[in-house]
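Trainee: Take a look and give me a structure for this.
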Amino acid sequence: GFLEHDSWITVELQQSLSSDSDSFTFRGNVTIPSLNSGLANVVQEPLTEAELDQLKNLARQNKFYRLKATVVYSYGAKSQFITSNKACRILQAHLKDVLWISLDPSGFVTGITDSQDNAPGTVKCTQDDIYQLAETQFSTDVLIRHAELAPVPDTASFIQKVEREREARERGEVRDNRGFFAKYWMYIVPVVLLVFISGATNQDGGK
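Mentor: Residues are numbered from 1 along each chain as shown. As a prediction, the model looks like this:
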């Protein structure tokens, strides 16, 4: 699943640490020099004491941590995605997460999802999950998911072939080299059968 025209993108990450506000603060930048290679350079800011307290408070309330990802393409266009996870899972994963970037065959980003692959499946955080967090900075892996092209029937070639045959017939270039009987058997056979049946009927009448 490689792109025909390789390119680069940057992704700015902003986080929301409040369940009752739409305000986002800067978290870091992801630079992908080649979408085909998928190698990414991730630079992220450490969380402040206040931000860590907000994250732990979200976990206590069993609320969601939201991440806004702004994609900037090499030619200046931008697109934006928002992904969310339970704050509890982020603490359980010790701030380790995976950023999945989905691409269409043209190299446009169709989705960005943040997940915690190594977090346990428990629903709520324990006191240990909240108070034993030693990390202050996210450790993020970036994985690129290329869309697979489905096979497409070659209708254009078929239509061109039909058109060439039609034009050849109109110009008289297509010749039928079959024998006389092979060409007209569907007309000859019924006549022969009719003559045979008529002859048999006449013979019966003569008796």
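Trainee: Okay, strands next: where are they in the chain?
Mentor: 9-16, 25-32, 41-44, 64-73, 78-86, 96-103, 109-115, 139-146 (DSSP state E).
Trainee: quick one, which of the ones you listed is nearest to residue 132?
Mentor: When the strands of the chain are ranked by distance to residue 132, counting by C-beta to C-beta, first place goes to strand 96-103 at 14.8 Å. For the C-beta atoms, the positions are set from N, CA and C on the backbone; glycine is no exception.
Trainee: what's the neighbour count on residue 195?
Mentor: When neighbours are defined as other C-beta atoms under 10 Å, residue 195 has 10 of them.
Trainee: What of residue 93?
Mentor: When counting by other C-beta under 10 Å, one arrives at 21 neighbours for residue 93.
Trainee: got a pLDDT number for it?
Mentor: Model confidence at residue 93, given as pLDDT, is 90.
Trainee: measure it to residue 116 for me?
Mentor: Using C-beta to C-beta, to the nearest Å, we find residue 93 at a distance of 4 Å from residue 116.
Trainee: Quick check: neighbours shared by the two?
Mentor: When contacts are counted by C-beta atoms under 8 Å, 6 or more residues apart in numbering, the set common to residue 93 and residue 116 is empty.
Trainee: still on that earlier bit, in a markdown table: the strands of the chain, plus mean pLDDT and mean neighbour count.
Mentor: Rendered in a markdown table, the data for the strands of the chain read as follows (pLDDT from 0 to 100; neighbours: other C-beta atoms under 10 Å):
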| stretch | mean pLDDT | mean neighbour count |
| --- | --- | --- |
| strand 9-16 | 96 | 20 |
| strand 25-32 | 96 | 17 |
| strand 41-44 | 96 | 14 |
| strand 64-73 | 96 | 19 |
| strand 78-86 | 95 | 15 |
| strand 96-103 | 94 | 19 |
| strand 109-115 | 94 | 18 |
| strand 139-146 | 93 | 16 |
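Trainee: In a markdown table, list the ones you listed along with distance to residue 195.
Mentor: As requested, the strands of the chain are arranged in a markdown table below (distance: least, C-beta to C-beta, whole Å):
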| stretch | distance to residue 195 |
| --- | --- |
| strand 9-16 | 82 |
| strand 25-32 | 83 |
| strand 41-44 | 90 |
| strand 64-73 | 80 |
| strand 78-86 | 80 |
| strand 96-103 | 74 |
| strand 109-115 | 73 |
| strand 139-146 | 71 |
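Trainee: Ok, which of those comes nearest residue 124?
Mentor: Set against residue 124 and scored by C-beta to C-beta, those come closest in strand 78-86, at 9.0 Å.
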